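Colleague: just to be clear, the model below is a prediction. Sequence and coordinates:
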Amino acid sequence: MTESDRRALARLVGGAPSRRASTDDLQGLLLQVVFALLMVFMIAYFIFVTETKKEREEQVLDLNRQKLVLALEKTAEDHRVKYGLNALMTQGTDGKRTFDADEHVTSGRLGLAPAARTAFASGSSAAFSDYGDPKALEAAWREDVLSDAGLSEADLASGEVEWLSKEISERVESMRLDVRGVQRALAARLQQALVDHPESLGEVRDANALAEAIKSKSLELVREATGAEVLP
C-alpha cells in the first residue's frame, strides 16, 4: 500500500475531520480491493477446474481399465475353447479349473471321449501353431482385447498401454502353461503304465536310458492322440 493509500484509509476510518478523502483516492483504494477479491476468485476457480479435470481423467482411466479387464477375460476364455482346455478341465465352485489325467487314461492308453478327443486334438494343433510365434500371438491378443473393449491404443494413457502389454504377456504365458500342463499330465500318467510294464519298450538295461525311453514313449502317445507336437 502506498503512502497515498494509507492517508486515504486513515481518513475513511476517522482521521482528521478537516481533511476529506479525494474521489481519486477512494476509487484507487476500491480498485485494489476489487482486484484482490478477483485474484482470490480466479485462483479458486482454476483450482476447481484443475481438480475437476483430474477427477474426470481418473474416471476415464477406471472405465478403460474395467473394459480391458473384461475383454482380457473374454479373450482368455476364447483361447481356452480354441485349445480344447474346457473340454478336459473341470471348473470348481470357486471358479478354478483343474485337470485329472486319471479320468482320461485307461489301461495305459488315452481314453478320451470322442468330443474331448476332437477338441484336444484340434486344440493341441492350434496351440503348437500359435506358440511357434509368441510375438504374433501377443499382437493377436492385443487386437482382440482392444476390439472387445471398444477401444484403440490412442484412447489409452501411456500407463494403460504398459499395463495392457504386461497383462497380455502374462496371460499368454499362463495359457501356454495350462496347455502344456494338460499334455504333460497325460504323458506322466502314461509313464506310470510304462514303468509298470517296461517290456513294451524292448530291451533297455541302462536306468537313464530307460527313463528317457519312457518319457519319449509317453510323449509319442500324446502326439498320436493329438495329431500335433506337444508344447516344449
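Modeller: Thanks, I have it.
Colleague: quick check: buried residues in the helix or strand hosting Arg176?
Modeller: Applying DSSP states H and E as the criterion places Arg176 in helix 158-196. If you call a residue buried by 16 or more other C-beta atoms under 10 Å, then helix 158-196 has these buried ones: 160, 164, 167-168, 171-172, 175-176, 178-179, 182-187, 189-191, 193-194. C-beta: built from backbone N, CA, C; applies to glycine.
Colleague: how far is the next helix or strand after that helix from where the chain is centred?
Modeller: Sequence-wise, the next helix or strand downstream of helix 158-196 (DSSP H and E) is helix 207-226. Counting by C-alpha atoms, centre = their mean, to the nearest Å, helix 207-226 is centred 36 Å from the centre of its parent chain.
Colleague: for Val182, what are its contacts?
Modeller: Leu85, Leu88, Met89, Phe99, Phe120 (C-beta atoms under 8 Å, 6 or more residues apart in numbering).
Colleague: surely the first one is within a strand?
Modeller: To tie it back to what came earlier, the one meant is Leu85. No: looking at Leu85 with DSSP: H, G, I helix; E, B strand; the rest coil, it is coil, so not inside a strand.
Colleague: count of residues packed around it?
Modeller: The tally of other residues near Leu85 (other C-beta atoms under 10 Å) stands at 22.
Colleague: can you pull the buried residues of the strand or helix carrying Trp141?
Modeller: Using DSSP H and E, the secondary-structure element containing Trp141 is helix 134-149. Buried residues in helix 134-149, defined by neighbour count with 16+ other C-beta under 10 Å: Leu137, Glu138, Ala140, Trp141, Arg142, Asp144, Val145, Leu146, Asp148, Ala149.
Colleague: just checking, what packs against that helix?
Modeller: The contact analysis (3 or more C-beta pairs under 8 Å, 6 or more residues apart in numbering; DSSP states H and E) places helix 134-149 against helix 23-82, helix 158-196.
Colleague: mean pLDDT and distance to Tyr131 added to those, as a markdown table?
Modeller: Supplementary listing: those in a markdown table, determined by pLDDT from 0 to 100; distance: least, C-beta to C-beta, whole Å:
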| stretch | mean pLDDT | distance to Tyr131 |
| --- | --- | --- |
| helix 23-82 | 74 | 11 |
| helix 158-196 | 91 | 6 |
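Colleague: just send the ones you listed back as CSV, with distance to Leu110 too.
Modeller: Formatted as CSV, the entries for the helices and strands packed on helix 134-149 read as follows, by distance: least, C-beta to C-beta, whole Å:
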stretch, distance to Leu110
helix 23-82, 20
helix 158-196, 6
